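Engineer: 3D model of this:
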Amino acid sequence: MRIVEVASLSDPLFPAWLDLFELSFPTAERVLVSTFVRALAAPDGSVSHTLLAGVGPEGDLVGMADYQIFPAQRAAYLWYLAVQPDRRGAGAGSEIYRAVLARLPSKVCALLLEVEKPLLVPEVSERQLAERRIAFYHRLGAQILEGIRYTQSVGSHQPPKPMHLMVHLRAPFGPEQAYASAHEICGDLIQRSGTLRYAGGTAGDPPV
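Structural biologist: Numbering: from 1, shown residues only. From the prediction side, this is the model:
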């Protein structure tokens, strides 16, 4: 699988990338598609989303990712990562995740990402999927930042949703620093609620 950047609206991978985005995430967790259109159309790079595509040997889209870099906060944010349903379980998701890490500037100390809270998912099968997602990111080195209340907001078209915030360390970056960076990025969507600590995963796994 090749990992490439979707860099323009005319990129032939962009329609399939959008299709996978819309099919992979619940409506309540999806930003408007115009977010990505603006990112690719901005002539000066002012919209800083980076869209990655995992491409199979036949040129087919295997997976996708969307992330942003926040230099002032020494952090990056992985907003979305998904793999085609019939290609899951073969390592494509891990490969795309590691590609995101490998593309981050050296000054970025942590990659932030959000995942569903399994206990808040009423459907048993969906709860199990949420648990597997957390385990997936744990295996890759991300940890849950505990001691916070974090609410995902994809825009005024959807209600806010409580989520876990996970942190993948690329350099020494304590829980207090991760919280401060996340608060600067997300504002009042993240609030301290107790002692800050990392839970699960392996601290400081380097990008592979």
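Engineer: helices or strands up against the longest helix seen in the chain?
Structural biologist: If each helix of the chain is counted by residues according to DSSP state H, the longest one is helix 124-140. Packing partners of helix 124-140 (3 or more C-beta pairs under 8 Å, 6 or more residues apart in numbering; DSSP states H and E): helix 92-103, strand 110-116, strand 161-169. C-beta coordinates here come from the backbone N, C-alpha and C atoms, glycine included.
Engineer: Could you tell me the angle between the helix or strand following that helix and helix 124-140?
Structural biologist: Stepping forward along the backbone from helix 124-140, the first helix or strand reached (DSSP states H and E) is strand 143-152. Counting by axes from the mean of the first three to the mean of the last three C-alpha atoms, to 10 degrees, strand 143-152 points 130 degrees away from the direction of helix 124-140.
Engineer: Give the pairing partners of strand 143-152; include direction for each.
Structural biologist: Listed by DSSP bridges, the sheet partners of strand 143-152 and their directions read strand 161-169 (antiparallel), strand 190-199 (antiparallel).
Engineer: Which of these has the highest mean neighbour count?
Structural biologist: Highest mean neighbour count of the strands paired with strand 143-152: strand 161-169, a mean of 22 (counted as mean count of other C-beta atoms under 10 Å).
Engineer: who's in contact with that one?
Structural biologist: Contacts of strand 161-169 from elsewhere in the structure, counted by C-beta atoms under 8 Å, 6 or more residues apart in numbering, are 28-29, 101, 109-117, 120, 134, 137, 140-145, 148-153, 173, 175, 178, 182, 190, 198, 201, 203-205.
Engineer: gap between the residue lying farthest from the centre of the chain and residue 2?
Structural biologist: With C-alpha atoms, centre = their mean as the measure, the chain has its most outlying C-alpha, relative to the mean C-alpha position, at residue 58: 26.3 Å. With distances defined as C-beta to C-beta, to the nearest Å, the gap from residue 58 to residue 2 amounts to 11 Å.
Engineer: where does the most centrally placed residue in the chain land on pLDDT?
Structural biologist: By C-alpha atoms, centre = their mean, the mean C-alpha position of the chain lies nearest to residue 78, the distance being 2.6 Å. The pLDDT attached to residue 78 in the predicted structure is 98.
Engineer: Could you do residue 193 as well?
Structural biologist: In this model, residue 193 is scored at 96, pLDDT.
Engineer: what's near enough to touch it?
Structural biologist: For residue 193, the residues meeting the contact criterion (C-beta under 8 Å, 6+ apart) are 147, 148, 149.
Engineer: What's the PyMOL syntax to select whichever of these are buried?
Structural biologist: Entered in PyMOL, the line below selects the buried ones among the contacts of residue 193, by 16 or more other C-beta atoms under 10 Å:
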select buried, resi 148
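Engineer: what's the closest of the contacts of residue 193 to residue 62?
Structural biologist: Using C-beta to C-beta, residue 148 comes nearest to residue 62 of the contacts of residue 193, at 33.4 Å.
Engineer: for the closest one, what are its contacts?
Structural biologist: Here residue 148 is in contact with 165, 179, 182, 190, 191, 192, 193, 194, 196 (C-beta under 8 Å, 6+ apart).
Engineer: In three-state terms, label the residue nearest to residue 24 when sequence neighbours are not counted for me.
Structural biologist: Beyond its immediate neighbours in the sequence, the residue positioned closest to residue 24 (C-beta to C-beta, 6 or more residues apart in numbering) is residue 82, lying 3.6 Å away. Residue 82 falls in the strand class when you classify it by DSSP: H, G, I helix; E, B strand; the rest coil.
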